[in-house]
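# pasting the sequence and the predicted model now:
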Amino acid sequence: MSIINKPPEMVKREYELQEPIAVAAEKYAAFIQSTPDHVVNSALKMVLWRDADFRRWRKQQQTPAEKKDGHATTKAARA
């Protein structure tokens, strides 16, 4: 087993942000010496993974095979 894990797969998507949010993401990225992509990914991950209602809904959307394997491959799970 390697000590360093490979980075997560990145998928290119296009979303529109409100101007103040885009500016804040860019400024926050500069503040932490990172990229706006990293800031947006991290912020969305925090919000989506902490939303208990969303987690329950995602679980309900899984097919029986996905529940058995523990893998969610539905469109909702990838979102």
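On my side now, so go ahead.
# what mean pLDDT does whichever strand or helix holds V40 get?
Secondary structure assigned from DSSP states H and E places V40 in helix 36-50. The average pLDDT within helix 36-50 is 95.
# list the contacts of that helix.
Where contact means CB atoms under 8 Å, 6 or more residues apart in numbering, the residues beyond helix 36-50 that reach it are 22, 25-26, 28-29, 32, 54-55. Where you see a C-beta, it was placed from the backbone N, CA and C, and this is true even at glycine.
# and the residues you listed, which two are furthest apart?
Using CB to CB, the pair of these lying farthest apart is E26 and R55, separated by 30.0 Å.
# mind giving me the ChimeraX command for buried ones among the contacts of helix 36-50?
Only the buried entries of these go into this ChimeraX selection, using 16 or more other CB atoms under 10 Å:
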select :25,28,29
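# just the contacts of helix 36-50: which are in helices?
Using DSSP state H, the subset of the contacts of helix 36-50 located in helices is 22, 25-26, 28-29, 54-55.
# save the residues you listed as TSV, and put in distance to M1 and pLDDT too.
Formatted as TSV, these follow (distance: CB to CB, whole Å; pLDDT from 0 to 100):
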residue	distance to M1	pLDDT
A22	40	97
A25	35	97
E26	37	97
Y28	34	97
A29	32	96
F54	32	95
R55	29	93
